[in-house]
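J.: Kindly return the folded structure for what I paste below:
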Amino acid sequence: MIGIILCCHADMGTGIKSAAELIIGPQENFLAIGINPEEGLDDLKKKLKKAIRTIGGDGVLILTDIPGGTPFNVSAMLMNDKIKMISGFNLPLLIKILMERHIHSDIKKLTHGAAQYAAEHVIDAEVLLNSQKSA
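T.: This is a model prediction of the structure:
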């Protein structure tokens, strides 16, 4: 199974992890880590390396909150064939990934499919509501 690590600013990862597990139940190989104001890059890098070692498995998909932010930059340093990253995730995307990882053992397919899903499912609510009124 592909492991999932939420690497975010402060407690965002812990909160969204909790919300995802409320909706779909407790998950294996699923961790959240964060960087706090008093911590630097090296502190986060140590936390992330420890989380990756803890999860192991068929690969690790790291989800970061802000493209170009500190969690993104630290995660990018650790990417390789078995460690991939998606940045700018939200709760629906996280749930999709958690459910899909039981189907796909190929981390590249999981990552690519998740990026496509995100591009198709972040919507302008006004456009959606107006299209429903017209139907």
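J.: Lowest-scoring secondary structure element of the protein by mean pLDDT?
T.: One helix or strand of the chain scores below all others by mean pLDDT, DSSP states H and E: helix 125-134, with a mean of 83.
J.: what's in contact with that helix?
T.: The contact list for helix 125-134 (C-beta atoms under 8 Å, 6 or more residues apart in numbering) is empty. (Glycine included, C-beta is placed from N, CA and C.)
J.: quick one: it to chain centroid distance?
T.: 29 Å (C-alpha atoms, centre = their mean, to the nearest Å).
J.: ok, now stretch 11-28?
T.: Put simply, stretch 11-28 sits 11 Å off its chain's centre (C-alpha atoms, centre = their mean).
J.: Go ahead and confirm residue 113 touches residue 104.
T.: Yes: using C-beta atoms under 8 Å, residue 113 makes contact with residue 104 at a distance of 7.3 Å.
J.: Restricting to C-alpha, output the least confident helix or strand of the chain in PDB.
T.: Output of helix 125-134 as PDB, limited to C-alpha atoms (Å, rounded to 0.1, in the frame of the first residue of the first chain):
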ATOM      1  CA  ALA A 125     -19.900  27.400  -7.200                       C
ATOM      2  CA  GLU A 126     -21.800  30.000  -9.100                       C
ATOM      3  CA  VAL A 127     -21.100  28.300 -12.400                       C
ATOM      4  CA  LEU A 128     -22.200  25.000 -11.000                       C
ATOM      5  CA  LEU A 129     -25.400  26.400  -9.400                       C
ATOM      6  CA  ASN A 130     -26.300  28.300 -12.600                       C
ATOM      7  CA  SER A 131     -25.900  25.200 -14.700                       C
ATOM      8  CA  GLN A 132     -28.200  23.200 -12.400                       C
ATOM      9  CA  LYS A 133     -30.900  26.000 -12.700                       C
ATOM     10  CA  SER A 134     -30.700  25.700 -16.500                       C
END
